[in-house]
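Colleague: Structure of the sequence below:
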Amino acid sequence: MFTVRKSSQRGRTKIDWLDSRHTFSFGDYYDPAAMGFSVLRVINEDRVVGGGGFPAHGHRDMEIVTWVLEGALEHRDSIGNGSVIRPGDAQRMSAGRGIRHSEFNASPDEPVHFLQVWLMPAKTGIDPGYEQRNFPENTRRGQLRMVASPDGADGSIAIHQDSRMYDGLFAAGERVTHKIPAGRRAYLHIARGSVQANGIAMSEGDGAAIEAEPALELTAQSDSEVILFDLP
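Modeller: Modelled structure (predicted):
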């Protein structure tokens, strides 16, 4: 089963400094038919103007992965971490029993465009934690590169859930096949460009919930970036 959720079906929050699209219910956007998929709870695509950002706020019991598409995002949190996240960086923040953080555009002038992903953890009440690693563009070209996993395999960031996150950059005409183990599910998000996914046309911002499929066959129709989640 391959269920597409078009970009236009997503929720939207738009204020003076933020333009955010919500694949699943989030904040004031509520759709009872879009409450997440498996342990994947949130995919927000955020654009923040220069100098804008989210002041300090709290989270609990969630694995939060941030992936910057363009620009730079400055992060600070209540357990002493401070960093700037740039394209190719995967940041994992485990909220655990409680953490506060702020996120601001690191540039006063240029916008930042990023994805924030929330996954429900396998266990609640853990110590909050943080990790950030860079995945150079050449390691993601023409292939799906694992950037998050439960055990930090292949240099990925480690998340507290039996899930994996992949990023791939493809030129028009490039193809890739990803096998989906029996009993597993997958979710595909098109970050940029356009692809054929199992024969279905998908464009920037589209997503697809994949169940009971042995594999995902991708063919890029233009220069594209895709993100794939392997889920229980």
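Colleague: Tell me if I'm right that Asp151 and Ala158 touch.
Modeller: Yes: checked against Cβ atoms under 8 Å, the pair Asp151 and Ala158 is within contact range at 6.3 Å. Every residue, glycine included, has its C-beta placed from N, CA and C.
Colleague: Between those two, which has more neighbouring residues?
Modeller: A direct count of neighbours by other Cβ atoms under 10 Å for Asp151 and Ala158 places Ala158 higher, at 16 against 10.
Colleague: what's the distance between the closest residue to that one other than its chain neighbours and His160?
Modeller: Spatial nearest neighbour of Ala158, chain neighbours left out: Gly152 (3.8 Å); criterion: Cβ to Cβ, 6 or more residues apart in numbering. Separation of Gly152 from His160 (Cβ to Cβ, to the nearest Å): 11 Å.
Colleague: Those two - which one has more neighbours?
Modeller: Neighbour totals were compared for Gly152 and His160, and His160 leads with 20 against 15 (other Cβ under 10 Å).
Colleague: SS state for the more buried one?
Modeller: For His160, the secondary structure call by DSSP: H, G, I helix; E, B strand; the rest coil comes out as coil.
Colleague: which one is it nearest to, not counting chain neighbours?
Modeller: His160 sits nearest to Pro121 (Cβ to Cβ, 6+ apart), 4.5 Å away.
Colleague: ok, that neighbour touching Glu63?
Modeller: Yes: at 5.2 Å, Pro121 counts as touching Glu63 under the criterion of Cβ under 8 Å.
Colleague: any residues in contact with both of those two?
Modeller: Ser94, Ile159, His160, Gln161 (Cβ atoms under 8 Å, 6 or more residues apart in numbering).
Colleague: For these, pick the one with the most neighbours.
Modeller: Ile159 (27 neighbours).
Colleague: Report the contact partners of the closest residue in space to Asp223 that isn't next to it in sequence.
Modeller: The shortest distance from Asp223 to any non-neighbouring residue, by Cβ to Cβ, 6+ apart, is to Gly193 (5.3 Å). Gly193 makes contact with Phe170, Ser203, Glu204, Ala220, Gln221, Ser222, Asp223, Ser224, Glu225, according to Cβ under 8 Å, 6+ apart.
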